[in-house]
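Asker: Provided below are the primary sequence and the corresponding predicted coordinates.
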Amino acid sequence: MREAPLPIGIVVKAYLLSYCFLRDQQDALEALRKAARRLGPAVARQCKRMASQPKKRTITNLERNNLYLALVIDATDEIAARERRAGSSMILTPADYIRQFLLHAVHISREHSLPLAVAVTRIIHSYKGDVTKRLYEEILFGSGRGDYGYREIKQKQTASLDLSFKGLLRKKRCANNEDRFEAMVSAGLHVDLAHRTLEMLTVWGADYAVPAGFLASRMKLEAMRDSDNPDETYLADRRRMENLSHPAHFGNLVAGVDGLLSARKSYSIPLFYLPDGPHPDLTGDVRAEEKPPMPDESALLEIANVPAEQGTLRESWSGGEVTVYVDGLALQSIISGRRYALRNRHAGFVAAVEIWGECGGADVVLDAITFNLIEDGPAGLIAGMLLADGSEVKIQAIVRGTDDAPVLTLRIAYGVALDDADPNAADRDTRFALVIPFTPKGPVKDVKPKSRDPSAPRS
């Protein structure tokens, strides 16, 4: 089926979303192009999940336009992290860091409502674990897990945020050996900033909001309950996500539970230790009233047409050498009939893996998948990609590094079966990308890619 262009209004909304965090027009457009190229494969994976058994559906499906906005969140966070690692010339204010902190928290938690519930209630806000469990399982009718499961998700999310903002945050040990970030002094300015940011990051497209005046003791949120129809389970999960991340809806939810501190008073916005020292009080958001510079309409129209153009190229691709990209950086070109072991250049808990090909002189994303260590179990670290020429790329992600700084090694078999050999052992059927020096006590060395950014248009 031929893919349709994106509505121009959605592309404009995506640009305003990305620019809010990147504050650079070209970086924002790059994020939009990345997301547009990934949209076709992401929609195809959603369709595949619809055909799977309901009990295996652990990632929430979104409508196409909302899925594109979610992919823009992913790409924007990737670019923001890249710029922080590279020491971008743009000076980030304390408010910018808070925005990017919330961006990363949502990015790593957006697969479905449970990790989002943990991120919102336990990291962005300061509620205790029993509150999270009650809100999620009893009031929102989510499928929860044991107390350890909630703690494990929160530990990984905290480690991912600490790694992404390496050296800028401080953790403190609290009751029950829980790590929390040092928080800013409670004030209205950073609460308003968090409200604006989270509202922008709520892109799930749900059709139900917790009403003002909700009382958990008297009302049941039946719209959140999973339907008897397994194909509608995503609708309830989208509603949970919407009411967790949207600050007004979340405020109504919390206000309806007796004995809970209000959402506005429970924010736990982290204190960043910047080169000029920590800023315990947010004196103001200098960019709050800044009007984003809009790009030429032609640039937005070009991005709107990317999904349709990529869909045509994918259908026409006839095989050959492909290139593996992780988080937008080229790792290695691979050929059919071989097995490879490639190591990610950076430590992280989430990695977007893309398989790129060439058709008629144009680059095309043949397939893409995201490995998420926050929630993925062993089964979630194996993926199969059936390409347009009938060949298959099989990928197994193996976690190396440390618990706080995991590095993915990707075992890749192109046109052949994965074997049981050690993924880091070289033989005649194995080719390695550049192995980046790594020790548990030191950072992963940054290496700038030599290839051009594939998401940028050809000149």
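Answerer: Nice, thanks for sending it over.
Asker: only C-alpha atoms for contact and neighbour calcs from this point on.
Answerer: Will do.
Asker: I'd like to know how many residues surround residue 353.
Answerer: 22 (other C-alpha atoms under 10 Å).
Asker: counting by contacts, list what the host helix or strand of it packs against.
Answerer: Per DSSP states H and E, residue 353 falls inside strand 350-359. Other elements packing on strand 350-359 under the criterion 3 or more C-alpha pairs under 8 Å, 6 or more residues apart in numbering; DSSP states H and E are helix 306-316, strand 322-326, strand 362-372.
Asker: name the residues that touch it?
Answerer: 108, 313-314, 316-318, 320-328, 363-374 (C-alpha atoms under 8 Å, 6 or more residues apart in numbering).
Asker: and what of stretch 191-209?
Answerer: 17, 62-63, 66-67, 69-70, 73, 95, 98-99, 102-103, 106, 223, 235, 238-239, 241-243, 245-247, 249, 264, 267, 285.
Asker: at 6 Å what do you get?
Answerer: 66, 238-239, 245-247 (C-alpha atoms under 6 Å, 6 or more residues apart in numbering).
Asker: and if you look at stretch 256-265?
Answerer: 214-216, 251.
Asker: also stretch 327-334?
Answerer: Taking C-alpha under 6 Å, 6+ apart as the rule, stretch 327-334 contacts 321-325, 352, 433.
Asker: residue 384 and residue 394 touch, don't they?
Answerer: Yes - the criterion here is C-alpha atoms under 6 Å, and residue 384 meets it with residue 394 at 4.5 Å.
Asker: between these two, who's got more neighbours?
Answerer: In this view residue 384 and residue 394 are compared by other C-alpha under 10 Å, and residue 394 has more residues nearby, 20 against 14.
Asker: with just CA atoms, put the helix or strand in which that one is found into PDB.
Answerer: Counting by DSSP H and E, the element that carries residue 394 is strand 392-401. The C-alpha coordinates for strand 392-401 follow below in PDB (Å, rounded to 0.1, in the frame of the first residue of the first chain):
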ATOM      1  CA  GLU A 392      16.100 -11.100   6.300                       C
ATOM      2  CA  VAL A 393      18.300  -9.300   8.700                       C
ATOM      3  CA  LYS A 394      18.200 -10.800  12.200                       C
ATOM      4  CA  ILE A 395      19.500  -8.700  15.100                       C
ATOM      5  CA  GLN A 396      20.200  -9.700  18.700                       C
ATOM      6  CA  ALA A 397      21.100  -7.000  21.100                       C
ATOM      7  CA  ILE A 398      23.600  -8.100  23.900                       C
ATOM      8  CA  VAL A 399      24.100  -5.900  26.900                       C
ATOM      9  CA  ARG A 400      27.700  -5.100  27.800                       C
ATOM     10  CA  GLY A 401      29.300  -2.300  29.900                       C
END
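Asker: just use 17 as the starting number from now, easier for me
Answerer: Let's use 17 as the start, then, which means that last one is strand 408-417.
Asker: quick check: longest helix of this protein.
Answerer: helix 41-66 (DSSP state H).
Asker: remind me what it packs against, helices and strands.
Answerer: Using 3 or more C-alpha pairs under 6 Å, 6 or more residues apart in numbering; DSSP states H and E, the elements in contact with helix 41-66 are helix 80-102.
Asker: who touches the residue nearest the centre of the chain in this structure?
Answerer: Geometric centre of the chain, nearest residue: residue 123, 2.9 Å, by C-alpha atoms, centre = their mean. Counting by C-alpha under 6 Å, 6+ apart, residue 123 makes contact with residue 90.
Asker: any idea how far it is from residue 97?
Answerer: 12 Å (C-alpha to C-alpha, to the nearest Å).
Asker: looking at this, residue 426 is in a strand?
Answerer: Yes - the assignment for residue 426 is a strand, going by DSSP: H, G, I helix; E, B strand; the rest coil.
Asker: strands paired with the strand holding residue 369, and their directions?
Answerer: strand 338-342 (antiparallel), strand 378-388 (antiparallel) (DSSP bridges).
Asker: only alpha carbons, please: show that strand as PDB.
Answerer: Once non-C-alpha atoms are left out, strand 366-375 reads as follows in PDB (Å, rounded to 0.1, in the frame of the first residue of the first chain):
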ATOM      1  CA  VAL A 366      17.600   3.100  24.400                       C
ATOM      2  CA  ALA A 367      19.000   2.600  20.900                       C
ATOM      3  CA  ALA A 368      17.300   3.100  17.600                       C
ATOM      4  CA  VAL A 369      18.700   0.700  15.000                       C
ATOM      5  CA  GLU A 370      18.100   1.400  11.300                       C
ATOM      6  CA  ILE A 371      18.900  -0.600   8.200                       C
ATOM      7  CA  TRP A 372      19.700   1.700   5.300                       C
ATOM      8  CA  GLY A 373      19.900   0.800   1.600                       C
ATOM      9  CA  GLU A 374      20.200   2.700  -1.700                       C
ATOM     10  CA  CYS A 375      17.700   2.700  -4.500                       C
END
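Asker: for it, what is the distance to the chain centroid?
Answerer: Centre-to-centre, strand 366-375 and its host chain are 16 Å apart (C-alpha atoms, centre = their mean, to the nearest Å).
Asker: same question, stretch 345-360
Answerer: On C-alpha atoms, centre = their mean, the centre of stretch 345-360 falls 23 Å from that of its chain.
Asker: check stretch 361-377 too.
Answerer: 15 Å.
Asker: let me see the domain layout of the protein.
Answerer: Per automatic domain parsing, the domain ranges recorded for the chain read 24-294, 333-448.
Asker: any idea how many residues pack against residue 334?
Answerer: Residue 334: 15 neighbours (other C-alpha under 10 Å).
Asker: Serialize the helices and strands packed on strand 366-375 to TSV and add fields for distance to residue 296, mean pLDDT and mean neighbour count.
Answerer: Output for those, formatted as TSV (distance: least, C-alpha to C-alpha, whole Å; pLDDT from 0 to 100; neighbours: other C-alpha atoms under 10 Å):
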stretch	distance to residue 296	mean pLDDT	mean neighbour count
helix 322-332	44	96	20
strand 338-342	36	96	20
strand 378-388	32	96	21
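Asker: and of these, who's closest to residue 180?
Answerer: strand 378-388 (14.7 Å; C-alpha to C-alpha).
Asker: tell me the SS of residue 348?
Answerer: Applying three-state DSSP: residue 348 is strand.
Asker: which residues does it form beta bridges with?
Answerer: Beta-bridge partners, per DSSP bridges, of residue 348: residue 340.
Asker: residues near it, how many?
Answerer: 18.
Asker: again, but for residue 163
Answerer: 11.
Asker: now do the nearest residue to residue 389 once chain neighbours are set aside against residue 198, distance only.
Answerer: Among residues not flanking residue 389 along the chain, residue 365 sits closest, at 5.1 Å (C-alpha to C-alpha, 6 or more residues apart in numbering). Distance, residue 365 to residue 198, using C-alpha to C-alpha: 22 Å.
Asker: pick out whichever of those two has more residues nearby.
Answerer: Between residue 365 and residue 198, counted using other C-alpha under 10 Å, the more crowded position is residue 365 (25 against 17).
Asker: could you pull out the strands for the stretch 167-316 of the chain?
Answerer: 187-189, 195-197, 289-290, 293-294 (DSSP state E, counting those that start in this stretch).
Asker: now what about the second one, what contacts it?
Answerer: Pointing back at strand 195-197 there. By C-alpha under 6 Å, 6+ apart, strand 195-197 touches 186-189, 286.
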